[in-house]
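>>> Have a look at this prediction, sequence included:
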2 protein chains.
Amino acid sequence: MPAVKHMKWTGWGVEGLGFHHEDKPGLRPFVQEVIDVDLDEPSAPGLTLEQLPIADPIITEDLLGALRGAVGADNVLSDALERIVHTYGKSIRDLLRLRAGDIPRVPDVVVYPADEAQVQLVVDLAVDADAVLIPFGGGSNISGSLQPREEETRTVISLDLGRLNRVLDVDADSGLARIQAGALGPDLEAQLTARGWTLGHFPDSFTHSTLGGWVATRSSGMQSDKYGDIADITKGLRVVLPGRLLEVRAVPSSSTGPSVKEMILGSEGRLGVITEVTAQVHRIPQERLILGYLFPSFEAGVAAMQDISASDAHPSVTRVSDAGETRFSFATRKKSTGVSVSGLVSKGLMKVLAARGWDLDKVCLSFVGHEGAPTYVARDRAIVKSIITKHGGISLGKGPGVLYDQKKFDTPYIRDFLLDRGAAADVSETAAPWSKLVPLYDNVMVNAKQAFAQLGVTGWIMCHLSHSAHSGACLYFTFAFRHDGVDPIAQYEVVKHAIQQTFVDSGGTLSHHHSVGTEHAQWLEQDLSAPGVAMITGLFAAMDPGQNLNPGKIITDPVRAGAAAV
Amino acid sequence: MPAVKHMKWTGWGVEGLGFHHEDKPGLRPFVQEVIDVDLDEPSAPGLTLEQLPIADPIITEDLLGALRGAVGADNVLSDALERIVHTYGKSIRDLLRLRAGDIPRVPDVVVYPADEAQVQLVVDLAVDADAVLIPFGGGSNISGSLQPREEETRTVISLDLGRLNRVLDVDADSGLARIQAGALGPDLEAQLTARGWTLGHFPDSFTHSTLGGWVATRSSGMQSDKYGDIADITKGLRVVLPGRLLEVRAVPSSSTGPSVKEMILGSEGRLGVITEVTAQVHRIPQERLILGYLFPSFEAGVAAMQDISASDAHPSVTRVSDAGETRFSFATRKKSTGVSVSGLVSKGLMKVLAARGWDLDKVCLSFVGHEGAPTYVARDRAIVKSIITKHGGISLGKGPGVLYDQKKFDTPYIRDFLLDRGAAADVSETAAPWSKLVPLYDNVMVNAKQAFAQLGVTGWIMCHLSHSAHSGACLYFTFAFRHDGVDPIAQYEVVKHAIQQTFVDSGGTLSHHHSVGTEHAQWLEQDLSAPGVAMITGLFAAMDPGQNLNPGKIITDPVRAGAAAV
């Protein structure tokens, strides 16, 4: 058995870790109020692994033997748990389907190559046998990028990159690290930290996602303001294509026609298997600081972040929660004294807010991070403070930032915890120019609430701004509702559709950093226009005429008739 | 006649402007020494326009009539000057061919559409008639991206974007300007400046290149350290494809599969005609400062720039000339007292350098620029000063920077001036990681000098580092030699080949910002690997199956048999 540890098939994280609310006294009343769910009343459990209707693998003995010959028999697995773990990612749709036993097509075999040469062997065997190959990293995807097509009659091979998990080399002069694509966030950061470096890429999925997955989906991390999106961080690539290896050499910039690197970024396995990334790395900064602020309104917070993005300051993190997410944030505090802003701030500050005439229901929590030499951090902090003050914001100091840093990877656990109690929760995020952010936000709020009303459910939607750039930022929405227990996916789709449609209608993109997969594919043409979709389609068709490489993702191409595999 | 002003067909710049050396007393002895050319002895002149063997246009009356109907008869031109101006760019190869009357294929007709709708009409007419369409901006390209293929039997239409030259709109909240693709650098900057903004993009070709040309060739400007390459500056695009319009919406970042925007960037007209760019713009900074420094060696200067790129400073310009370019720079000074460093620095500083034991033949001139609020500039300047001091550098203050700023767009004029006197001069540039820059530089120097020796010519090559990024920088080489007057292009090719081959052999890219065109196409596979070239080829074939869109550029595809056009 390959020593690759996966998340549990039923939800986020590894077995044994989870979320509990007993030490967060504010959470139960908050959840009861906003989505009418009682955290002390579990809902009906889903199916067990044994109860899942898993079809027999579709694979010839020839292909199975050849795969075993390529990577070793111990690294070719077909047991139920392996196949189920590799069927879906971790979206709410994925979890609901698993709980309901809705698994029309699962991979037939899971293969764990040891190195790039073995990846090449597996890719070539797959194409030669007219099988379908789906690369798998940490399994955290929430856009449907991992699932086999329901109608797929050919053999489906899940290629797990988990054994390619090493930092191979650091070019200290250039700040460039060669890292294998299957390395999980904590593993690669630990290896880099040991040498004095950091990638600086910390998406919410960090603990259970891989470098190759980040590249294949155009991921963005919490410190993207300073370190860039993964598209900026990626300098060189090695990608196994059928019969050959693509090598994008690591240069800071180049003028070599349409960017091949930018074709691999976001390609979700449709062009090949990413085996190695040469990534920009940075020396660990002398000082890291995340400061908390309060704004009288979301609009004020957004305006402040906009001014910061146009200023001489270069923060590492910019984030503003809306009033709803601010309430949620306070509700998940340990030993909180309440679910309002009064639980967070001192009596003295409360007086200040009252004197300013703040509406405490509209207060928004914000974080701005700084990294660098102490004098640099001090100067940047002063620029930011001055802008925030101009927009009516108030400083909370370092306390909330430390809290944020501790909790930043917890949200998926809360989602599963809610699911166990009858609530469907998920996220949708977009990016848009600064001028369009507040109208887009308002439109999403109206349309999501209309969707809740249409369904007749008690629903909740909240948002934060993050990933500020010079021309705009990301808006990240989290929504939850008490589902009817009959067809929660149909209900989810009503809400999800309302939000995504509002994104593209309001000038945003279908996703800032969650990829297209199958979940967002229906909005691709509205986002990129028909010729843009034609360009991507043409590229995929040219490079994968047999549709062997993760077909059906990004572009909803028609299923081609495959030879019966058995 | 459309009111579009072009460069003169014989060289760089408009008629009447040029270079003269009488006020630069150091230049003549310098040129005499390094390439054995006497600036006071003109070489044989090239052919006049009337002497050029221009073939009759290949175009049907039907197509001509349809084009006139589409854009107005006044905007469809076929006279000799128009056709010649649109035949080549401004590389040394282009100028030598024109002077020798080597013009096997010139465009048959030049069309000046007024707007995007007319561009669409012209593109559709071209494809319907199975003609070839070559978009034309400022005509400054030096990589052969503009020339029709010699073997082209179909009608060749040059589509001049010169009338699409307006800044349409500035979204002041987002710092996003919608600008027509045919706008020349000075025109768009003037329109932006009037509203308080700057694009911050100042390539060497600035005065005679267009926004659309920058995007189509992946241009980079002198202040790219702060403002980014044009690939970073470009946020949204409108591109006319056959029968339809591609719209890439302006969002700060997105996760929508392989990047369509990054496929258009660098596409050199092979996918369509860029009509509009939504570009990131910045408020004009309170302070702009370029400071001069001297380093005891090129290696010391490169090491300093490397440290600056990893520091908390964010300069707008980083540049280090090698000893040769430093000498050249001093030689072109007005009222210079000599061709050595002694002409630049005070007696006091000379004593300091002598005391430090500097070898004056190895001294390197450097510039670092800063932009922003005065306090920000002061802080950044202090960080930079400290790093430069650590590497043995010495500050020269603001004087040399002012001089640099005045002369920065002059180099092409000097090239033409030398050409008139029997010297062939051109540039080649690359980018590589910091760790590879000095070895690459050394290899280029050795191999270029070997090429000069092989030719038996007195040659000169010099270099500067610029466009610093976190992981590396650009090296920009200028070379010149006294050609034999018999086959200067063959001689040029020996030197050019030696330099470009050294780039890719030493880990650099074939070009940081000059595009592929026809000049660099032979190195594309070595740079991107065969699968990378296959991806670009597949994309072009999918989007332009009839090879109507600037064929033969980037990818040297086989000429397809076209229907006889007349």
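Received the coordinates, thanks.
>>> what stretches of the stretch 451-566 of chain A score poorly on pLDDT?
For the stretch 451-566 of chain A, the stretches with pLDDT under 70 are A:560-566.
>>> What segments of it are strands?
A:459-466, A:472-482 (DSSP state E, counting those that start in this stretch).
>>> Of those strands, flag the one that's most buried.
Sort the strands of the stretch 451-566 of chain A by mean neighbour count, taking mean count of other Cβ atoms under 10 Å in any protein chain shown, and strand A:472-482 sits at the top with a mean of 27. Using the backbone N, CA and C atoms, a C-beta is placed for each residue, glycine as well.
>>> Walk me through the domains of chain A.
The domain map for chain A lists A:174-283, A:287-408, A:412-522, with the assignment taken from automatic domain parsing.
>>> The strands of the stretch 451-566 of chain A into a markdown table, with extra columns for distance to residue A:106?
Formatted as a markdown table, the strands of the stretch 451-566 of chain A follow (distance: least, Cβ to Cβ, whole Å):
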| stretch | distance to residue A:106 |
| --- | --- |
| strand A:459-466 | 32 |
| strand A:472-482 | 28 |
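>>> Among the ones you listed, which comes closest to chain B?
Proximity to chain B, assessed across the strands of the stretch 451-566 of chain A by Cβ to the nearest Cβ, is greatest for strand A:472-482 (3.9 Å).
>>> angle of that closest one against strand A:459-466?
Using axes from the mean of the first three to the mean of the last three Cα atoms, to 10 degrees, the inter-axis angle of strand A:472-482 relative to strand A:459-466 is 160 degrees.
>>> Surely residue A:149 and residue A:550 touch.
No. Between residue A:149 and residue A:550 there is no contact under Cβ atoms under 8 Å: 9.5 Å.
>>> still on that earlier bit, so which of the domains of chain A is nearest residue A:42?
Residue A:42 lies closest, by Cβ to Cβ, to one member of those: domain A:412-522, at 5.8 Å.
>>> For the closest one, measure first residue to last.
25 Å (Cα to Cα, to the nearest Å).
>>> starting at the chain centroid, how far to it?
Here domain A:412-522 is found 14 Å from its chain centre; the criterion is Cα atoms, centre = their mean, to the nearest Å.
>>> With chain B in mind, check whether that domain reaches it.
Yes. Legend: contact between domain A:412-522 and chain B by Cβ under 8 Å from any Cβ of the partner chain is shown at A:431-436, A:467, A:469-474, A:507-516.
>>> anything in contact with each of residue A:149 and residue A:550?
Each of residue A:132 lies in contact with both residue A:149 and residue A:550 under the rule Cβ atoms under 8 Å, 6 or more residues apart in numbering or on different chains.
>>> Next one: the nearest residue to residue A:407 once chain neighbours are set aside from chain B, what distance?
Excluding the flanking residues, the one nearest residue A:407 by Cβ to Cβ, 6 or more residues apart in numbering or on different chains is residue A:332, at 7.1 Å. Distance of residue A:332 to chain B, computed by Cβ to the nearest Cβ, to the nearest Å: 27 Å.
>>> hang on, isn't residue A:211 packed against residue A:179?
Yes. Counting by Cβ under 8 Å, residue A:211 touches residue A:179, with 5.5 Å between them.
>>> is chain B contacted by stretch A:222-242?
Yes. Judged by Cβ under 8 Å from any Cβ, stretch A:222-242 and chain B are in contact via A:229, A:231, A:235, A:239, A:241.
>>> what sits against residue A:261?
Going by Cβ under 8 Å, 6+ apart, residue A:261 touches A:234, A:236-237, A:248, B:262.
>>> want to try JSON lines for the residues you listed, with neighbour count as columns?
Below are the contacts of residue A:261 laid out as JSON lines (neighbours: other Cβ atoms under 10 Å in any protein chain shown):
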{"residue": "A:234", "neighbour count": "25"}
{"residue": "A:236", "neighbour count": "19"}
{"residue": "A:237", "neighbour count": "25"}
{"residue": "A:248", "neighbour count": "26"}
{"residue": "B:262", "neighbour count": "22"}
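>>> Tell me which two in the residues you listed are the farthest apart.
Greatest spacing in the contacts of residue A:261, by Cβ to Cβ: A:236 and B:262 (15.8 Å).
>>> related to what we said a few turns ago, so between residue A:149 and residue A:550, which is more surrounded?
Remark: of residue A:149 and residue A:550, residue A:550 carries more neighbours, 29 against 21, as counted by other Cβ atoms under 10 Å in any protein chain shown.
>>> how close does that one get to residue A:152?
11 Å (Cβ to Cβ, to the nearest Å).
>>> Which ones among the residues of stretch A:222-242 next to chain B map onto strands?
The members of these that map onto strands under DSSP state E are A:235, A:239, A:241.
>>> Filter the residues you listed down to the buried ones.
Burial by neighbour count, 16 or more other Cβ atoms under 10 Å in any protein chain shown: within those this picks out A:235, A:239, A:241.
>>> before we move on, back to that, next, show the common contact partners of residue A:211 and residue A:179.
Common contacts of residue A:211 and residue A:179, defined by Cβ under 8 Å, 6+ apart, comprise A:188, A:199, A:277, A:279.
>>> Stretch A:142-160 close to chain B?
No. Stretch A:142-160 stays clear of chain B (Cβ under 8 Å from any Cβ), getting no nearer than 8.6 Å.
>>> Identify each buried residue in that stretch, please.
Across stretch A:142-160, burial judged by 16+ other Cβ under 10 Å covers A:142-149, A:152-160.
>>> Next: stretch A:115-128.
Buried residues in stretch A:115-128 (16+ other Cβ under 10 Å): A:116, A:118-127.
>>> which ones are touching residue A:278?
Counting by Cβ under 8 Å, 6+ apart, residue A:278 touches A:176-179, A:234-237, A:250.
>>> in the sheet, who's paired with it?
Residue A:278 forms beta bridges with residue A:178, residue A:236, as assigned by DSSP bridges.
>>> The residue of the stretch 201-350 of chain A found nearest chain B sits in which helix or strand?
Using Cβ to the nearest Cβ, the closest approach of the stretch 201-350 of chain A to chain B is made by residue A:262 at 3.3 Å. Here residue A:262 is covered by helix A:260-264, with elements defined by DSSP states H and E.
>>> average pLDDT for that helix?
Mean pLDDT, helix A:260-264: 98.
>>> what's the distance between it and the middle of its chain?
20 Å.
>>> Using PDB, write out the CA atom coordinates for that helix.
Extracted in PDB, the C-alpha atoms of helix A:260-264 (Å, rounded to 0.1, in the frame of the first residue of the first chain):
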ATOM      1  CA  VAL A 260       2.100  27.600 -22.900                       C
ATOM      2  CA  LYS A 261       2.500  28.000 -19.100                       C
ATOM      3  CA  GLU A 262      -0.900  29.800 -18.900                       C
ATOM      4  CA  MET A 263      -2.500  27.000 -21.000                       C
ATOM      5  CA  ILE A 264      -1.400  24.400 -18.400                       C
END
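>>> Which members of the buried residues of stretch A:142-160 occur in helices, if any?
Judged by DSSP state H, helices contain none of those.
>>> Give the other helices and strands that the longest helix anywhere in chain A contacts.
Criterion DSSP H: the longest helix present in chain A is helix A:434-455. Applying 3 or more Cβ pairs under 8 Å, 6 or more residues apart in numbering or on different chains; DSSP states H and E, one finds that helix A:434-455 makes contact with helix A:298-309, strand A:459-466, strand A:472-482, helix A:488-505.
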